[in-house]
Structures are given as C-alpha cells and as structure tokens.
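Colleague: What shape does this take:
(3 chains)
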Amino acid sequence: MAARSAPHPTPLIEVRGLAKRYGGVVALDNMNLAVERGTIHAVVGENGAGKSTLMKALAGAVRPDSGTILLDGQAIAIDSPNAARKRGIGIVYQELSLFPQRSVLANLFVNREPTRGGFVSVAAMEARSRDLLDQLGLHVDVHAPVSRLSIGEQQLVELCRVLLEDPRLLILDEPNSALNKRETERLFTVLQRLRARGNTMLYVSHRLEEVFAISDRVTITRNGRDVLTKDRTALTIPEVIEGMIGVQHDVLFPPPLPHRAGQAGARIAVENLSNDTLRDISFTARAGEVVGLAGLEGSGVSNLLAVLFGTEAARSGRVTYPDARGLPKHPAEAARRGVCLVPADRRRNGLMLDKSILFNISQVAVGAGRGGSPWFSQSRALERANRQIAALRIKARSPYSLANELSGGNQQKVVIGKWLEIGPRVFLLDDPTRGVDVGAKREIYGLIRQMSADGGIVLFSSTELPELIGLCDRILVLYQGRLAGELSGAQLDSRTLLHLINTAELPSARDSGPEFAVPGAIGVPEGRP
Amino acid sequence: MKDETMSQQTAPRAPEARRRLPDEIGVIVALAVMMTVIGVARPRFLNPLNLLTILGHTTFLGMLAVGMVFLLAIREIDLSVGWIFNFSAVFTALLMVAHIDPWICAVAGVIFGAGLGLLNGVLVTTLRLPAIIVTLGTFSMFQGLSLVVNNSRAVVPPGQDSSYFNAISAKLFGVLPVPAVVFLVLAVAMHLVLHRSRFGYRVQAVGSNPEAAELAGISNAMVRLQTLVLMGAICGLSGAMYVGFRGAIDPNEGSDFVLMVVAAVIIGGTPLSGGAGTVIGAVIGTLIIQVISSGLIFFGIDATWSTFVTGAVIVLAVSLDQIVKYQRTRRARRARPSG
Amino acid sequence: MSSRFYRAALMAGTAAIVMGAAASARAEEKISVGFVTHAQGNPFIQQIVDGAQAAADDLGVTLTVAQKSGGDPEAQLRAVQNFVSSGVQGVATSVPGESMAKGLNDIIASGVPIAQYNLLATSVKAAYVGEKSVESGRILGKMIVAKMGGAAAKGTVVIGNCFPGFPVLENRAKGVQESLKTAPGLKVLGPFDVKVSAVENYNHWEQLYAANPDAAAMVGLCAPDVASLGKLNAATGDKFIAGGYDLTEENLAAIKGGHAYVTLGQSAFVQGYLPIALLVDAIKNKKPTPVGFFNSGTQIVTADSVDMGNGLPKVTYAQAQAMASDPKATAVYYKPWTQSLAGAGLMAGMKPIAAESE
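Modeller: Have a look, this model is predicted:
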C-alpha cells in the first residue's frame, strides 16, 4: 500500500485497525484508511466488503469494537451522529433520511433552524440555501413537502442538507444511485468546486467509471479490510476489479447432483417483463438448473423475484409458470401454486421471531393452504417441525425454541424448511446466505443443489461472486432494471462477472482507466440491452 | 444513471406560488357550509348570541384539542387528558376551599396539570412504551386519585364573587366570554409554536420520520416528554379556568373528553399517521362538533339520531383521511422507482 | 388541497342531509319546551320521557328531547344552552353536577324558565320534581330490616351505589343506613360502586356476591340494580334478599319471579309530567318556576302489594307490569292525578327545597 507524498503532512482523517462484528458476521477486520485534505477519496468494494460499516463508524452511527480514528492526527471517539457532526463530519447516506411531509427548507435545516426573534426564520433559510440549490440545479418549490419531489431531487436535497453544514469531511455513500446524467454531472461539478475550496470528501460507489471520473485516490476493500490504496491515475479498472475479488476462498461447493427424471420439461418463461424498476426482462429458467441473478443494489434483482412471487406488480410482459398460468396475484396464490420466496431480509420478512420453530415451520402449510381442518393440529405441526429439523440439520434445543434464539444460518434453514413443507416447484432465493456463517452456508448450498436435482426451478440471487460462480449453471446480470447480460460456461469467472455487474459490459480491450475520466461520457452506451 | 422518466408528477410549482391556500381551507369551508345549511333552515341559528354560545361550548374541549395536535403529530395519543383536566380542576378548587387566593390556585392548577403530564412523559421515556399504553393506565390512576381526593363529590369553591371568578365570567366587549378569548389566544400561540418555533419543527420532524430525526440529532424521547408536559399544562389551564367559569367541578367531569378531543383533531385534518399537525384545524374541528350538536337540537331531531350523526361524521372524516393518504402514497410510489 | 376540499364538502353535505332528513317542521305558534336527560337507552329514563310527552300532548306544547349519556354535566348544560338558543321557551333538565348550577341560573336570569327533575343542585333557583331521597332510603331500609326479622336481625347487608357522588343517591344510601342501624346485629358493607350500565352493573354485583357469599341482603340504589340482583339470585339459588329502586319492566319481572323482594319507585311518570306542567305555567305567566320541592311520590312494590303512591288506586301486579312498558296505559292510569294539577292544584304540593333531603 504505497502512500504518495501528500500535499499536507497529516491526513485529515485516518482509520487504523478498525474492527467490528455483528454477532458471527465480521463487518470490519483491520480496516485502515488515510484521507488527505482537499482530496476526493473513493472507497470501492463488493457488498459485505465493509464500506458501509466504515462510513457508519466515521459518522457516529456505529461504534467499532476496536481500532482508532484520528482526526487531524488526534485520536478521537465518535460516539453519536451528533458527535460526528460537531467534529465537522457530514454523511449523505444511501438510504434517504428525509422527512417526507416536511418542506424542503425544513429538511435542509432540520435541528439547526435559524431563528429571528425566537421564531424560525423562513426567510433566512431561503437565503442561506438559495445559492447551493442553484448550483445543484435544484429548482423546486422549497415550501412544498419533500415527498413530492422525484427520488433524484430528494437525493440532492439530502446532499444539500449536509453541504449546508459545511463539513470538513463529507462522506458520500452512493450519492447518485437515483440521479440522472445531468444531475450527476452537476453533482460532480459541485464536488470539484468543494475540492478546489479545500474540502475533503470520501466517496463510496459501485460505479467504477464514476470513481475514475472524480476521485483522486482509491481504496479497495475486501472482507472488512483495505487491500489496496493508490492514486487514481496509477490504477486501471481491471486492477480495481482484481483487488475487489482477490484470492478465491476455497469454499467447497457441492458438485451438481444427478437429475431426477420426470420434471425435465418444467420451466418458467419470462417475456418482456416491465414495471417501475424492471425494463423489458426476458429469459427462461428450466428445471434442474440453478440460475443465478446478480446486480448492484437498485438494479432490480429483488424486484424481479418479488414480481415472480406476487408481492410486486408487473406493468407489462408475460410470465408462464410450469403450471401454464401467469403471474400470481399475491403471495398466497404463489404458495398454493408451489412458488416460494426465501426473502433477503429474513428477520423482517421471513420469520416470526418471537414464535417457536414449530410455529414458523407450519406457517405456510397452515397459512396459505386451502381446505383441511379449521383447527390447528399441534401434533401435525410438531411432525412438520421435527421433519425439517432433521432434514435440514437445524441446530436448536427443541422445536419449541424461539426463532430469535437461533443463529443466522439456522434461522435461514427454518425459512427454507417452512417452504419445503409445501413441496414447491419454483424456488426464488433472494440472497439466502447473507449473514450466515460458513458452515451453514455449505449446508444451504447442498440444499440448493438438492432443490434443482429434485426437478425444481431455482432462481438464486446473491451478492457474493464465489457463490454465484460456484453454484450456478448460468448467471443473469441486471443493471438498472435491464438484463445486461448472461454468463455461462467458460465466461463464468469473477472478473467477467464483476465487470458486467458494475459496468453492464463485458470486459474487453477497452478496459484502461483514463478513458472513463470524462464526465458526460458516463452512462450506458447505446445499443446495449 | 436514470433517464428523465422519473416522476409522473412535475416538480412542484415555481417559487412564486408561495401564496398557497392553507391546508385548512377544506375544513373551514365544511364548517361554513354546515352553518349556512342550518342557518337557512333555522335562521335563529345564525343569531350572533347563538354563535357566541357555540364558541363558548368549544372552549374547554378546544384547548385540549390544541394540545393533542402536538401528540398526534408525533403519532402518539394521551388517553388521560380528561382526567388530568378533572384532577387539575379538583386540585385548584380544593386549594380555593382552603382559602388560598384563587389566582394562585389557578396557577397552581396549571403547574399541577403539567406535573401529571410530566409523570406521563417520564413513564413513556423510561419504560419506552407508546403513550397510548402508558396513558391507558394513568387515566385510571388520575381518575381514582381525583375521586379519592374529592370524596366522589363536587367541589364548590367559596367566595365566588372574588376577582378571579369575576374575571373569568366576564365578557370582553360585552359579548366574548373570557375563557373563549383565552382559548383563541392559546390556539394562536400554539399555532405559532408548532409552525414557527424550533420546538415545533422538532415535533414535526419526529412525527415525519423518527429514525431520521434521531440521526439528525433530535432526541425522540425528549420531544415525547415535552409534548406530554405541554398537554398536561394545557389540561391544567383548562381545568383551572373551568372552576372559575362554572364555579364547581363534578367528580365525573372529563370522563368522555378524550374521544371528542381526538375526533376534533382528526376532523380538523391532523392525520393519525403523524408528521403534520394543524392547530387551526383542531379549532375548526371542535367547532364542527359543537355546530353539529347544536344543529341537531335546532332541527329538533330525535335524541337517538344525534349519537348516530356524530359517529357517522367521525367515521366519514377518518375514512376520507385514509383515502387521501392512500392516494398520495400511490401517486408517490408511481413516481418513485423502488429498490 | 383539492382532496381535503372534497372530504370537507362531503362531510358537511352528509351532516346536513342527515339532519335535514330527520328534521321535523316546527310550527312556530305553539309553545315549545326542551327536555334533557342524563342517560340514554335507560328504561327508567324512558318512563320519565314518556311522562313528559304525555304532558306535552295534554297541554298542547311541542316537546323536544335531547338525551346525553354518561351523566356528564358539561355536555348536559351545553344541550340546555343549545335549546335556549334554538328558541324553546322553557327547559326541563336533570342536574347531574354542581357545575351546571351557574349556567342554569344565568339562563333563568335571562328569562327562560328551568325545571329540574330526578337529580338536582340545591343552588339552582328553580323547581325540583323528585322523591324525598333520604326518606325513600329509610323506607327501603325499613322494609329490608323487616324482611330480615326486625330489630333482632343478623347478617351482612351489602349496599351498592351506581353513581357515587350524585347527592340524590348519597341521600338514599344515608336513609338506608339509618334504617339498617335499628338492627344492631346487622353488618353493613358499602356503599360500593356498582356502575350504571346494565352489563357492568351485573358484573359488579356478581363480584360483590363472590366476595360475600354469606350476604343476607343486597340493596341497590338505582334503576338497574333490582334486575341485576334478581338475575344473580336466580343463578345462585335465591339465597339473599334483593331490594332496590324503580319500576322498570325487568325489575318488576324479577320480583314477580320471586328473585327480588322489593323495589321502590319514584313515580317516573310524575317526574316527567310535572316539570312540563310547571314550565308551561311559568311560560304563560312570564315568570320563572318557583324555587321549591315537588315530591313525585314514592312507590313501593313487592310481589304481594303494589303501592303506586300519590293516592292513586291500587293495581294488580299484572297491571303494574303492563304499565311499565306501555306509556299510554300509564297516562290513562295517572289521569286522576293529572287532573288534580288543574288550577291551584299545581303548586299545592310544593315544599322548600331542603325538604328533599329530610
């Protein structure tokens, strides 16, 4: 990790050996960072690499388990968002934290409203924000509720709010995920202007072309550590991607199992599926293969699965299921037709945490099933629970243990178990190994292999490249709602996959950094899907 | 980068459209229409004396409604308001019976009410429970204590020709009852507090997005505590004035206040979903309820219908509120790509 | 904004339509009086309202009834004020709270006569029609003691008050306790709060019985008690003596069925009729109602004897039950009494207000 001679002796902010664990999951593991004054420092990495946690630690939203943070060379503790703010650290989160019913002005000055004569002075708020709003090109009625603005405008309001506090260190976590071309250009102009003024910025992004367009230095993170920090001019995109993937972990992926005869013909055919997020998606998934879905946050992967399960509506297009019918109107119908979804947020959407394993496993069988006795049979529920506990090797004290008491991996098994009870034929798995330890992951991979060997159609989304490559027969990559590409066979390697995910293009001879440094050329070139 | 096809709605109008109609125009029109309809059928209804009587009827409940706006704005409800009112009035009256100067008793009553509100607030913040649950318990507590203290009997302060009673029973310009004036002044003051003070901004922020508020450095717990104390103080003020106005406080006065107060606030346009509050709306809401009450008597409607009509209007108001909210979120969702 | 507008307009429209639909045309020449009650859906109160309606029919005046529930004095005062604003010439109202007094006196001072019934506030400067509350309590207490064996009676007596704080009920309790003292061997418990709504009333009596399973007698002071006590007795084998107030259908049925012993009436018909008569007289003579107490007359009903009070002829039990649910029959039965009100007869029975609690 070469450090060039910096314009100023001490970095504005330094992070040394930061570590943070969430239960069994390691978010940060010896993370180091040094941000020079007056620079835009980009941080890149895959999901789970630790970028968000690092930013949250700097912003006071998360307390690290160990490590030091130095501001101006002095070790400090950032205990709360307020403390961070007082030290001049401002953060624009990816998930907006706006107040929808409140006016733009109220949002811009929340908790710092200027007063005149004891009353909040709307005139002062207008005056102070006018210039900045102008620079950002945000010409909206500042008295209107912020919920009426487009998402892009809302993101700019959030940014403007932080900028108004004139932070010494401005942290931007995916600040333009919802911005269009023009808005992003304006954003970058503002950032460059700030840099010229001497402000320092920390910029987190998945979009490698942008990172190369705007930043001075780049830190690549992986598995909770920093792997490489270099000046942008000394880096190329392939190098960055290499840093992000690193050495393959030798997680043992179970080999494909022999197919069972009889279900070979079943398939899901998706034709021109569109809604607010998805644009014209078409593909086919057959029984016996594991189809992977990959994409950046907001690219539409979760939405696609939700549409196929019936929790989200499609605006146009057609989907034909193995039972020859179309999209389910709601999840209960999906369940009855043998379509199941293992959700990404299992705590919120997959389990009743304060209920027992027994209760959870009977959830779908009792809940969505039609007919049968109106009485809940405790003995049959116990039967189901024991069956799944044995089959999936769920480690729990008893079927009556509460779901809350289980580890992430076992919780996930309960979610899968409750679906297995109804014998589904279509498996929609949304990031099923998130927050699951290695041992349980292996077991879940085995289950996934089993699902497809038994003739099920498996759509498997994940943010971990090794998983996708190790488990899937084909991988569909989504980028901003469109199908950017499909990889199979020889193309299934991390580099190609990561490139496709981040840029919607396959790696080719074009890949040398500086070409992407011009703002305005940013965007998906014409002619690509 | 996304294309320009972002929102169905165009960005809100350019900055010159600042002179928008207030949000409360709807309920004001409703009130006007109601009064016109009744007035045309029963001209006596529009007699200024009657209108002033109706205004007088809104006073004590209306003050509570004004305070409740702050609570509903942060998505909380205080079920104990009727009994804080009662207990404060009893406290004030008992002090007067003990021959303390009535003005001092009144101030003590306000502080007493604030104290009960503080108790609510402390319980809410330390137990980390929603106010509706805590006040479910405290309303019985306050009711019980009040009955113990007044022995289940009315408390009638002596010496009602003193300056306090005369002042409260007086009429400004010969027509406007003093309590009604106090009510209106309180309403204006609270309107300014909610919309123009930093406290009011904090309240609305917490109501709009509690998590974002914490991230912005606003202590949700503090805001909750403060609104509950404010509510208590207003109940105390209402109770103390009630004693001066009616000359007595009965043991069960206030038992059914909370329903009417919440109904008035909701009819007036403060949504149950929080994040917005309208004090003017609450005042209009209280007026609407009393106009309905009065109108029923003017029309000589059978007593049983009156209960039905009052309930029907409340159900209508709440369901329309939900429809509007649903439509707004649908519009917003269509404008915003998810994910 | 437009959606708020729509909803407001819709609200206003609905309210207006419902009001208009249920409204009745009012002939301006007739005298009109208002009648305000403190309870709704209560058979005893309904008997009073029926009496008032009979008076209105007899005297040719328009009667409008407003029924507030919950005994909330403030709401009741508002109703009286609304009546006055709407142009009635007099208002009869029960007074469930001291806080109504000032407002009522203001109305009287402004020239609109008021008459009180069933519940009073002694500071109101108007006529009051009701029973002699302490005296009726004494009568009830005496009957219970007699039934239990006179001065040598022994056992526990439980008293229940459906609305603690109402002076009339407190007086009744006082009277009952006075009489019970004549038998020193009696242990008197209460008065406990037994609530006024039928369901809660029953539940509370049930709990009191569970706490005192060896109670020899249970005495209530309001309208729902005898019915509740009768039901309780029937469910537990008729072990205690039940006594209470008011001649509602359910109460009479309980006594007929042998599950309750005695119920005292306070002549609901009179409590409705007489205030209207007093108001009309006051309106015609352009003066307030006289400040005095008009005894509505105590009625005593047991399975064996029916004393309807007011010097009216005796009736059989069956007839009493029939009248309890038939306002027309009641009006016919009371004819001799209503006729006695002609002329000077109206004011004949008036006593000073203090006499109410003698």
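Colleague: From here on, just use CA atoms for contacts and neighbour counts.
Modeller: Fine.
Colleague: For burial, what's the neighbour tally of C:Gln207?
Modeller: 12 (other Cα atoms under 10 Å in any protein chain shown).
Colleague: tell me which element it falls in.
Modeller: For C:Gln207, the host element (DSSP states H and E) is helix C:198-211.
Colleague: Next secondary structure after that helix?
Modeller: Proceeding N to C from helix C:198-211, the next assigned helix or strand is strand C:215-220, under DSSP H and E.
Colleague: That next one pairs with which strands, and in what direction?
Modeller: In the sheet, strand C:215-220 lines up against strand C:155-161 (parallel), strand C:241-245 (parallel) (DSSP bridges).
Colleague: The host helix or strand of B:Val206 near chain A anywhere?
Modeller: Using DSSP H and E, B:Val206 maps to helix B:198-208. Yes. Using Cα under 8 Å from any Cα of the partner chain, helix B:198-208 comes into contact with chain A via B:Arg198, B:Tyr201, B:Arg202, B:Gln204, B:Ala205, B:Ser208.
Colleague: returning to that earlier point: redo the strands paired with strand C:215-220 as a markdown table? Include distance to A:Arg347 and mean pLDDT.
Modeller: Listed next are the strands paired with strand C:215-220 as a markdown table, based on distance: least, Cα to Cα, whole Å; pLDDT from 0 to 100:
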| stretch | distance to A:Arg347 | mean pLDDT |
| --- | --- | --- |
| strand C:155-161 | 54 | 94 |
| strand C:241-245 | 60 | 94 |
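Colleague: and the spatially closest residue to C:Leu252 that is not a sequence neighbour, what element?
Modeller: Residue nearest to C:Leu252 in three dimensions, not counting chain neighbours: C:Gln321, with 6.3 Å by Cα to Cα, 6 or more residues apart in numbering or on different chains. For C:Gln321, the element it lies in under DSSP H and E is helix C:317-324.
Colleague: contacts for the helix or strand following that helix?
Modeller: The element immediately downstream of helix C:317-324 (helix or strand, assigned by DSSP H and E) is helix C:327-333. Helix C:327-333 is contacted from outside by C:Gln47, C:Asp50, C:Gly51, C:Ala54, C:Phe269, C:Ala322, C:Met323, C:Ala324, using Cα atoms under 8 Å, 6 or more residues apart in numbering or on different chains.
Colleague: Likewise for stretch B:137-148?
Modeller: By Cα under 8 Å, 6+ apart, stretch B:137-148 touches B:Leu79, B:Ser80, B:Val81, B:Gly82, B:Trp83, B:Ile84, B:Asn86, B:Phe87, B:Val90, B:Asn120, B:Arg153, B:Pro251.
Colleague: switch to 10 Å and redo it
Modeller: B:78-91, B:116-117, B:119-120, B:123, B:131-132, B:135, B:149, B:151-154, B:250-252, B:254-255, C:164-165 (Cα atoms under 10 Å, 6 or more residues apart in numbering or on different chains).
Colleague: Among the residues you listed, the buried ones, what's the PyMOL command?
Modeller: Filtering the contacts of stretch B:137-148 down to the buried ones (16 or more other Cα atoms under 10 Å in any protein chain shown) takes a single PyMOL command:
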select buried, (chain B and resi 78+79+80+81+82+83+84+85+86+87+88+89+90+91+116+117+119+120+123+131+132+135+149+152+153+154+250+251+252+254+255) or (chain C and resi 164+165)
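Colleague: For the residue positioned nearest the centre of chain A, grab phi and psi.
Modeller: Geometric centre of chain A, nearest residue: A:Glu297, 4.2 Å, by Cα atoms, centre = their mean. In terms of degrees, to the nearest 10, the main-chain angles of A:Glu297 are phi -60, psi 130.
Colleague: shaky segments in chain C?
Modeller: C:1-29 (pLDDT under 70).
Colleague: quick check: domain ranges of it?
Modeller: Domain ranges of chain C: C:28-131+C:268-296+C:327-357, C:133-265, per automatic domain parsing.
Colleague: got the end-to-end distance for the shortest one?
Modeller: So that's domain C:133-265. End-to-end span of domain C:133-265 (Cα to Cα, to the nearest Å): 11 Å.
Colleague: residues touching the residue nearest to C:Leu252, list them.
Modeller: Residues near C:Gln321 by Cα under 10 Å, 6+ apart: C:Leu247, C:Thr248, C:Glu249, C:Glu250, C:Asn251, C:Leu252, C:Ala253, C:Lys256.
Colleague: neighbouring contacts of the helix or strand bottoming out on mean pLDDT in chain A?
Modeller: Ranking every helix and strand in chain A by mean pLDDT, DSSP states H and E puts helix A:237-245 at the bottom, with a mean of 77. Applying Cα under 10 Å, 6+ apart, the external contacts of helix A:237-245 come out as A:44-46, A:49, A:208-209, A:211-212, A:218-223, A:226-230, A:236, A:246, A:464-466, A:494-499, A:502, A:507, A:511-514, A:516.
Colleague: check contacts around the nearest residue to B:Ser255 once chain neighbours are set aside.
Modeller: Beyond its immediate neighbours in the sequence, the residue positioned closest to B:Ser255 (Cα to Cα, 6+ apart) is B:Gly82, lying 5.6 Å away. B:Gly82 is in contact with B:61, B:64, B:88, B:139, B:142-143, B:235, B:239, B:252-259, B:261, counting by Cα under 10 Å, 6+ apart.
Colleague: Could I get the pLDDT score of B:Gly82?
Modeller: You'll see B:Gly82 listed with a pLDDT of 96.
Colleague: so it is in which element?
Modeller: In the assignment (DSSP H and E), B:Gly82 maps to helix B:81-97.
Colleague: and after that helix, which helix or strand comes next?
Modeller: Using DSSP H and E, the helix or strand that follows helix B:81-97 in sequence is helix B:102-127.
Colleague: Now the helix or strand following that following helix: buried residues?
Modeller: Downstream of helix B:102-127, the next assigned helix or strand under DSSP H and E is helix B:131-150. Buried positions in helix B:131-150, judged by neighbour count with 16+ other Cα under 10 Å: B:Ala131, B:Ile132, B:Val134, B:Thr135, B:Thr138, B:Phe139, B:Phe142, B:Gln143, B:Ser146, B:Leu147, B:Val149, B:Asn150.
Colleague: and what of stretch C:324-342?
Modeller: Across stretch C:324-342, burial judged by 16+ other Cα under 10 Å covers C:Ala324, C:Ser325, C:Pro327, C:Thr330, C:Ala331, C:Tyr334, C:Trp337, C:Thr338, C:Leu341.
Colleague: What about residue 162, how many residues nearby?
Modeller: The chain I'm using is chain A. Neighbours around A:Val162, by other Cα under 10 Å: 21.
Colleague: Correction: the question concerned chain C.
Modeller: Counted with other Cα under 10 Å, C:Cys162 comes out at 23.
Colleague: Checking my notes, C:Ala260 in a helix, right?
Modeller: No. Judged by DSSP: H, G, I helix; E, B strand; the rest coil, C:Ala260 forms no part of a helix; its state is coil.
Colleague: That one and C:Val280: what is the separation?
Modeller: As for C:Ala260, its distance to C:Val280 is 39 Å (criterion: Cα to Cα).
Colleague: who has more neighbours, those two?
Modeller: C:Ala260 (30 against 25).
Colleague: roughly how far apart are the more buried one and A:Pro432?
Modeller: Separation of C:Ala260 from A:Pro432 (Cα to Cα) stands at 71 Å.
Colleague: Let me see the contact set for residue 320.
Modeller: Defaulting to chain A. A:Arg267, A:Ile268, A:Ala269, A:Val270, A:Glu271, A:Thr284, A:Gly326, A:Leu327.
Colleague: Hmm, no, I was thinking of chain C.
Modeller: Counting by Cα under 10 Å, 6+ apart, C:Ala320 has contacts C:Leu247, C:Thr248, C:Glu249, C:Leu252, C:Val301, C:Val306, C:Asp307, C:Met308, C:Lys314, C:Asp326, C:Ala329, C:Thr330.
Colleague: can I get those in JSON lines with distance to A:Thr68 and secondary structure?
Modeller: Shown next, in JSON lines, are the contacts of C:Ala320 (distance: Cα to Cα, whole Å; DSSP: H, G, I helix; E, B strand; the rest coil):
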{"residue": "C:Leu247", "distance to A:Thr68": "85", "secondary structure": "coil"}
{"residue": "C:Thr248", "distance to A:Thr68": "83", "secondary structure": "coil"}
{"residue": "C:Glu249", "distance to A:Thr68": "84", "secondary structure": "helix"}
{"residue": "C:Leu252", "distance to A:Thr68": "86", "secondary structure": "helix"}
{"residue": "C:Val301", "distance to A:Thr68": "90", "secondary structure": "strand"}
{"residue": "C:Val306", "distance to A:Thr68": "94", "secondary structure": "strand"}
{"residue": "C:Asp307", "distance to A:Thr68": "95", "secondary structure": "strand"}
{"residue": "C:Met308", "distance to A:Thr68": "94", "secondary structure": "coil"}
{"residue": "C:Lys314", "distance to A:Thr68": "100", "secondary structure": "coil"}
{"residue": "C:Asp326", "distance to A:Thr68": "89", "secondary structure": "coil"}
{"residue": "C:Ala329", "distance to A:Thr68": "94", "secondary structure": "helix"}
{"residue": "C:Thr330", "distance to A:Thr68": "92", "secondary structure": "helix"}
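Colleague: Thank you kindly, that will do.
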